[in-house]
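Peer 1: Compute the structure for the input listed below.
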Amino acid sequence: MSAENVEIAKRVVDAFNRRDVEGFFALTVSDFEWFPAMAGTVEGGGYRGREGIEAYLADIGEAWEEYRVLAEEFRDLEDRVVMLGRIEGRGRGSRAARHLMAIG
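Peer 2: Numbers count the residues shown, from 1 in each chain. Purely as a prediction, here's the structure:
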């Protein structure tokens with residue numbers, strides 16, 4: 001099951017980067033909750049369910065011209081998957097490119 005979880009995590013990151021709500025939501029449970037690490041970058045705290053994913057992606061689109069997760073490594077922890085990587089983006093107003101943070 002853990003190799004399957006790693007594959008699912010990779011597909012979630014891919015769907016997120018493509019802003020594919022259908023693909024993203026198909027890989028999660030209906031009451032999925034997302035608490036962005038960069039809460040100060042987009043408004044709000046957490047996002048829940050399909051409507052939450054749509055709202056989060058819309059918030060990113062308003063603030064960022066480009067915004068993507070660059071997954072560099074996935075670690076299989078049996079019942080969990082840890083993704084190591086970073087977020088890159090380009091601000092909508094400033095158009096400044098940024099390496100936003102390392103994530104893991």
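
Peer 1: Tell me the helix or strand right after the longest helix seen in the chain.
Peer 2: When the chain is parsed with DSSP state H, its longest helix is helix 2-18. Toward the C-terminus, helix 2-18 is succeeded by helix 21-26 as the next helix or strand (DSSP states H and E).

Peer 1: can you pull the buried residues of that following helix?
Peer 2: Using 16 or more other C-beta atoms under 10 Å as the test for burial, helix 21-26 gives 21, 24-25. For glycine as for every other residue, the C-beta is placed from the backbone atoms N, C-alpha and C.

Peer 1: tell me what that helix is packed against?
Peer 2: Under the contact criterion of 3 or more C-beta pairs under 8 Å, 6 or more residues apart in numbering; DSSP states H and E, helix 21-26 touches helix 2-18, helix 49-63.

Peer 1: For Arg68, which residues count as its bridge partners?
Peer 2: Glu88 (DSSP bridges).

Peer 1: I meant to write Leu84 there.
Peer 2: So, taking DSSP bridges as the rule, Leu84 has Glu73 as bridge partners.

Peer 1: what stretches of this protein score poorly on pLDDT?
Peer 2: 1, 37-45, 95-104 (pLDDT under 70).
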